[in-house]
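A.B. asks: structure for this input, please:
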Amino acid sequence: MNRVKKNLLITGLPGVGKTTLIKKLSEALKHYHPVGFYTEEIREKGERKGFELINLEGRKGLLSHKDIRSPYRVCQYKVDVEGFEGFLDSISFFSPLARLIIIDEIGKMECLSDRFKKLLIEILNSEKWVIATIGLKGSGLIAEVKEREDVQLLEITKKNRDSLLSEILKEIEKGI
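C.D. replies: Below you'll find the predicted structure:
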């Protein structure tokens, strides 16, 4: 028996529009009471300094920054794993009201957190629909998640980024 692919993962090159798509989807699907978060760049004088977390209720947290102290690092960014885990604790992923979980993103920085990795598997295994962005490249959990039988992997490109919104909305409306 085929399992429904209720976990929609969006991948693509950096800067192609994954986060923009996630934000549009979370707005268009508000009637399903989505929970989750997205990330945005922290820019100072035109330079990217780090990444901020924003949950779907508007609460903010720090994921990474060039100028913080942390033993965790991805490229030039130091990752605030403890702060990220505290931020995750504030999101009621398993609320009975929430029928949809949105995660931006399943990436190298996020996967430095054991709590995130455990939570992600629980979320993907749950009955809830999931829309998440995931790194185009990556090993370990990133590669494993892409190989799951209940995952539909969609690549966003400059050519399809406008049409992908309506395709995903149709898929969700049909599935939920």
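
A.B. asks: only C-alpha atoms from now on, for both contacts and neighbour counts.
C.D. replies: OK.

A.B. asks: the longest helix along the chain: which residues count as buried?
C.D. replies: Ranked by residue count and defined by DSSP state H, the top helix of the chain is helix 161-175. Buried residues in helix 161-175, counted by 16 or more other CA atoms under 10 Å: 161, 164-165, 168, 172.

A.B. asks: for stretch 150-159, same thing?
C.D. replies: Neighbour-count burial for stretch 150-159, counted by 16+ other CA under 10 Å, picks out 150-153, 155-157.

A.B. asks: these in strands, which ones?
C.D. replies: 151-153, 155 (DSSP state E).

A.B. asks: stretch 91-108: which residues count as buried?
C.D. replies: 91, 93-94, 98-108.

A.B. asks: redo these as TSV? Include secondary structure, distance to residue 48 and pLDDT.
C.D. replies: Shown next, in TSV, are the buried residues of stretch 91-108 (DSSP: H, G, I helix; E, B strand; the rest coil; distance: CA to CA, whole Å; pLDDT from 0 to 100):
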residue	secondary structure	distance to residue 48	pLDDT
91	coil	26	96
93	coil	29	96
94	coil	33	95
98	coil	33	92
99	coil	34	91
100	strand	31	96
101	strand	28	97
102	strand	24	97
103	strand	21	98
104	strand	18	96
105	strand	18	93
106	strand	20	96
107	coil	17	94
108	coil	17	94
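
A.B. asks: all strands of the protein, in order?
C.D. replies: For the chain, the strands defined by DSSP E occupy 7-11, 35-44, 47-55, 60-65, 73-74, 77-79, 100-106, 129-134, 151-155.
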